[in-house]
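S.K.: next input, structure requested:
(2 chains)
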Amino acid sequence: MVEQYNIQHEDEEIFGALNPLVSSWFRQKFKKFSPPQKGAIINIHKKKNTLICAPTGSGKTLSAFTAVLSELMNLSERSELEDKVYCVYVSPLKALNNDIQRNLLEPLNEIESSSKRTHGIRVLVRTEDTKASQRAKMLTSPPHILITTPETLAILLVAPKFREKLRDVKWFIVDEIHALASGKRGVHMSLSLERLQNLSGPFTRIGLSATIAPLDEVAQFLVGYDNDGQPRDCSIVNAQFLKKLDLKVISPVKNIMDVTQIELERATYQQLHDLIQAHKTTLIFTNTRAATERVVHNLRTRFASSYQNNIEAHHSSLSRELRLATEQKLKDGLLKCVVCSTSLELGVDIGYVDLVVLLGSPKSVSRALQRIGRSGHRLHDDIKGRFLITDRDDLIEDCLILKNAVEKQIDKIEISHNCLDVLAQQIYGIAIEEKIHKDTLFTTIRRSYCYRSLSHEDFMAVIKYLCGDYAELELRHVYAKIWLDETTGFIGKRSKLARVLYSTNIGTIPDESYILVKVGEQVVGKIDEEFLERMKKGDIFVLGGSTYRYEFSRGMVAQVKPAPGKLPTIPSWISEMLPMNFDLAMSIQKFRRLAEEKFNKYKPKEEILKFLEEYLYVDSNTANSIYEYFGEQFEYASIPTDKKILIETLYLENKHYLIFHSCFGRRVNDALSRAFAYLLSKFHHTNILVAVTDQNFYLVANQKLNWQFAVMQIKKENLRKLLELALEKTDVLKRRFRHCAGRALMIIRNYKGQRKAVGRQQVSAQILINSCKRISESFPILKEARREVLEDLMDIHRSEMIIGWLKNGETIIKEVQTLIPSPFALGLIARSHSDIVRGEDRMEFIRRMHSMVLAKIGQKHKNEAD
Amino acid sequence: MKLIEDIEIIDLGVYIKSTKIFAIADLHLGYEESLNNKGVMLPAHQFSDIKKRLEFIFETLAKENKSVKTILILGDLRHELGSAGLQEFRQVRALTAYLKTKCEKLILTRGNHETIHKYIEKMINVCDNYSCKGILFLHGDKIPEKIKENVIITGHVHPAIKLSDEFASERLKCFIAGKWKGKRLIVLPSFNPLKEGVDVLFEKIKSPFIKNLSGFEVFAVAEPGKVLCFGKVKQNRK
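M.R.: Alright, predicted model coming up:
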């Protein structure tokens, strides 16, 4: 059972429980224990599974490791320390590993020098970067504490010699579990943990997390279930609100509705400059790479005398060397300011930062708190964060994030279930370990929280896929990765090369096949192949914040010309932005409703401003901007709320727009928009362009769309089917299918000694999909691609819930007709990402294109010959 | 659809009425095997698809009373540049055997993928190019020294046309027909179902015969047997 562990043990009790050397080292170093340590150390000492949720700088690492060090020291003193791994530590960040090793070696070395006795406890890092010579050394002198990544752990499990060292693991520590839990990497790790448990027997599981919710679920994710399907026990030590929060939303101008972009920028940079100057070291988050570069550039040019060598950019496209150099400078206190996209959100110790500024909404409360938590790195420092408003949508989002953070309303993450691609990869790994009975395998898998509800049917479909059942018998050896002996029920690996193939292709991070975008010889960025396939000469698209005109492509290169200031003709269909959390979105809608009530009753401005300041904990500038923004929307159209979806119909440049103001976050809007578009594309027999943001979505067509029809047709029960149909030919399904096929090792990137991204050049995703469909509509990889799109990328469950609200009248729809987009719809076109839902079939489309060409060249008679 | 008086498009191939020649190009047998070797475990459907398409073509020819004396494969019957895989070998054998039942003479003009082809020569006559009554047939990866014929028919390029508007995009295999040094040049689409082809409008194509595509006419194969004329490349480029 998962339960909160609220006991704070006394310092002396903990000191008494620990090995005397560890105990006296701790006393000398820290005097006493921090709150997470007071909760966790005794619990871990008693070998109980523990999830520790606490901010950075609260002694989190030692809260997990102290009991481990103490036990190892006891063994060492009794000369019982064997050459095997006692503790495995896994973090999603390779960069974190060396830090952790250093943090563990420090007490060990200090204990050694004060006790004048060698204890022989080894702490070693093993990642894909570990050299062969070091790896060999680890076999003769294995680490007692192994520091690694989820992927390397899975590789170690199939390493014939090293796995022998893993037969008696006592503790397993997962760091940054909040970053792992919500993605396929976490799903993957959850199975590796069960694999390890099969090898070594039960061990104590310890999770370390920054602010996250729901804690119960994350704890269950950490510990899983036992063989009987009973949830394993876990104690939660919750110290996440340990530090005092000092948060503010700052509006650089009095009324954001009434300034030019230039004025707003000037005021924003002035404000930013003032904040940086008033602090020792400031960390700025911008969300995107392009914005990071822009902010650094602006600060350097606008305030040249203040920023030259003391400001740096940090984002994932910069080389590793550059990033490490920046991190080092930050630790050494050489920087006044670091601007990053999202890259410094996690992990590595970044030293003394006394202010975090968020430019652009972090899209969720927990992410905001993680970012802001990078300041005040010592236990008794306050956490200081400022949301600097850059546009009107961020204005509302940031205010609600602040409100929820202050009121400790942490939005919930979601953990993916029954991912069949990850399952295929892991079953392959298990089969390589040793022969296993299929029932034992099924039980093992279902111990993972992520596969608790895996059906036997899906399990067998994956086994069949891995057995190569989809290929003709005589060719099966090419496709089969494992064998299944139908009479004994045992499963095993097929090829001698299996281990190499598995180890070099492991992981869940997709191997994208990108097209390089160039202006002349200069590379300006990368786009997806499927995106390129949509483009024709002259199309304008956005890349890294700039607009380009597409010229032509050759091989894996697309040639473009800069097209500054042009409106994109093809909106990008993958957003660089993170989707807004649903809980946050709902709190925005609720706030809109409360605000609308005030406007509806024509309350005086002062009263509304007062409400805004009190409800949102904001200053008068910010309240005023919101007042103006909502006021315009109220008078021009209507304010959408949690009880009212606003549909705005608009005719612009020969196109009919249907704008849905539905602030449910992009994952819901992605689903709703495509379902509506699909129904309408069939009804009107036309193609529809769909564009989506967190706050709204729109459909565009060449004719007026009958939205009432779609609302009538859509049902909770048919939503999944509609979406599956709507997705059938979309770019997004093709893209995700390619990723899933990679994870399930149907497309293998490292094969027979070659590393090659197999791109559209060789075979298009559509051909791959069609080919799988011919085997079966429910071929596991196809099924997983659909599931990933519907459940991970989109949010079908909440979408169904919202359709339910529409049906039972809890939420109503109101239509307004506008001549220009309402204030809430502005920015929609610029910020959205889009997709197409086709009403025509292939032949209809070809015929239409054909007659257009014929009309143009006046050669109608040529058609007759056919 | 008639290209010129004597030459007619039949699905993905051309039929020459006076000489009863039927020609196709670029089958790339063994392509899936080659993908397998690169790590793409695509299930093999290609051969049965090719076979079905050929059956469809021969039915069409029979229906239109077009008898076939010679079948020409204009290069790249096989895909792998190096040695043959088992899948390829079996498919080449099965396909040539099948085609021999449909004609009196089966000829392959050497393609750039026919570098090692000892085994192929046992199954099919291989030559660098084939000339018959003023028409020169060849793969088209290089230009032979002397060309007397007034019409040249090649493969090699895998032409396709990408149709797209703001809503959709489809790639169609196509024939292209234009001029080379005053002679007529016709390029056949690839017969391989996995190779969609290179867009003649905006992608760069590789052929020693073609410098500038803009004056070439495009005949797209929309679905089996359905050929649509799309006018000249330049008329589709705007």
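
S.K.: would you point out which residue is most central in chain A?
M.R.: Chain A has residue A:183 as the residue nearest its centroid, 6.3 Å off, counting by Cα atoms, centre = their mean.

S.K.: let me see the contact set for that one.
M.R.: For residue A:183, the contacting residues are A:416, A:508, taking Cβ atoms under 8 Å, 6 or more residues apart in numbering or on different chains as the criterion. For every residue, glycine as well, the C-beta is placed using N, CA and C.

S.K.: how much space between it and residue A:633?
M.R.: Spatial separation of residue A:183 from residue A:633 under the definition Cβ to Cβ, to the nearest Å is 36 Å.

S.K.: assumed residue A:9 was part of a strand.
M.R.: No - secondary structure assignment (DSSP: H, G, I helix; E, B strand; the rest coil) places residue A:9 in coil, not in a strand.

S.K.: strands of the stretch 1-150 of chain A, start to end?
M.R.: A:2-4, A:50-53, A:87-90, A:123-126, A:145-148 (DSSP state E, counting those that start in this stretch).

S.K.: ranking those by mean neighbour count, which comes first?
M.R.: strand A:50-53 (a mean of 29; mean count of other Cβ atoms under 10 Å in any protein chain shown).

S.K.: what lines up beside that one in the sheet?
M.R.: Sheet pairing of strand A:50-53 (DSSP bridges) gives strand A:204-209 (parallel), strand A:234-238 (parallel).

S.K.: mind checking which helix or strand residue B:221 is in?
M.R.: Taking DSSP states H and E as the definition, one finds residue B:221 inside strand B:217-223.

S.K.: then residue A:294?
M.R.: Secondary-structure element containing residue A:294, defined by DSSP H and E: helix A:289-302.

S.K.: from the contact counts, what lies against that helix?
M.R.: Secondary structure elements in contact with helix A:289-302, counted by 3 or more Cβ pairs under 8 Å, 6 or more residues apart in numbering or on different chains; DSSP states H and E, are helix A:261-277, strand A:311-314, strand A:337-340.

S.K.: which other helices and strands does the second one contact?
M.R.: Under the contact criterion of 3+ Cβ pairs under 8 Å, 6+ apart, the helices and strands touching strand A:311-314 comprise helix A:289-302, helix A:320-331, strand A:337-340.

S.K.: contacts for that strand?
M.R.: Contacts for strand A:311-314 (Cβ under 8 Å, 6+ apart): A:292-293, A:296, A:299-300, A:323, A:326-327, A:329-330, A:335-341, A:343-344.

S.K.: equivalent analysis for the last one, please.
M.R.: For strand A:337-340, the external contacting residues (Cβ under 8 Å, 6+ apart) are A:276, A:281-286, A:292, A:295-296, A:299, A:307, A:310-315, A:326, A:330, A:344, A:350.

S.K.: neighbours around residue 221, how many?
M.R.: Picking chain A for this. 25 (other Cβ atoms under 10 Å in any protein chain shown).

S.K.: meant chain B, my bad for not saying
M.R.: Residues near residue B:221, counting by other Cβ under 10 Å, number 21.

S.K.: just checking, it touches residue B:174?
M.R.: Yes - contact status for residue B:221 versus residue B:174: in contact at 6.5 Å, counting by Cβ atoms under 8 Å.

S.K.: ramachandran coordinates for residue B:232?
M.R.: As for residue B:232, its main-chain torsions (degrees, to the nearest 10) stand at phi -90, psi 160.

S.K.: so who does whatever residue of the stretch 451-600 of chain A ends up closest to chain B touch?
M.R.: Using Cβ to the nearest Cβ, the closest approach of the stretch 451-600 of chain A to chain B is made by residue A:554 at 4.3 Å. When contacts are counted by Cβ under 8 Å, 6+ apart, residue A:554 touches B:203-204.

S.K.: for it, phi and psi?
M.R.: Taking degrees, to the nearest 10, you get phi -140, psi 120 for the backbone angles of residue A:554.

S.K.: quick check: mean pLDDT across the helix or strand hosting residue A:800?
M.R.: Secondary structure assignment for residue A:800, by DSSP H and E: helix A:796-808. Taken as a whole, helix A:796-808 has a mean pLDDT of 97.

S.K.: how far does it sit from its chain's centre?
M.R.: In terms of Cα atoms, centre = their mean, to the nearest Å, the gap separating the centre of helix A:796-808 from the centre of its chain is 24 Å.

S.K.: contacts for it next, please.
M.R.: Helix A:796-808 is contacted by residues A:582, A:645, A:662, A:664, A:667-668, A:671-672, A:675, A:711, A:714-716, A:719-720, A:723, A:790-791, A:810-813 when judged by Cβ under 8 Å, 6+ apart.

S.K.: buried subset of these?
M.R.: Buried residues within those, defined by neighbour count using 16 or more other Cβ atoms under 10 Å in any protein chain shown: A:582, A:645, A:662, A:664, A:667-668, A:671-672, A:675, A:711, A:714, A:719-720, A:723, A:790-791, A:811.

S.K.: near chain B, which of the residues you listed show up?
M.R.: Contacts with chain B within the buried ones among the contacts of helix A:796-808, counted by Cβ under 8 Å from any Cβ of the partner chain: none were found.

S.K.: those in strands, which ones?
M.R.: Per DSSP state E, strands hold the following members of the buried ones among the contacts of helix A:796-808: residue A:645.

S.K.: and the next element down the chain from the worst-scoring helix or strand of chain B on mean pLDDT?
M.R.: Counting by mean pLDDT, DSSP states H and E, chain B has its least confident helix or strand at helix B:118-121, which shows a mean of 80. Once the chain leaves helix B:118-121, the next helix or strand it forms, by DSSP H and E, is strand B:125-127.

S.K.: now for that next one, which elements pack on it?
M.R.: Here strand B:125-127 is seen to pack against strand B:105-109 when contacts are counted using 3+ Cβ pairs under 8 Å, 6+ apart.

S.K.: tell me the strands beside the strand it packs on, with direction?
M.R.: In the sheet containing strand B:105-109, the strands it pairs with under DSSP bridges are strand B:70-73 (parallel), strand B:125-127 (parallel).

S.K.: tell me which residues of it are tucked away?
M.R.: With burial defined by 16+ other Cβ under 10 Å, the residues of strand B:105-109 counted as buried are B:106-109.

S.K.: who touches that strand?
M.R.: Residues outside strand B:105-109 that contact it (Cβ under 8 Å, 6+ apart) are B:69-75, B:77, B:96, B:99-100, B:114, B:120, B:124-130, B:137-139.

S.K.: tell me how far that strand is from the chain's mean position?
M.R.: In terms of Cα atoms, centre = their mean, the gap separating the centre of strand B:105-109 from the centre of its chain is 13 Å.
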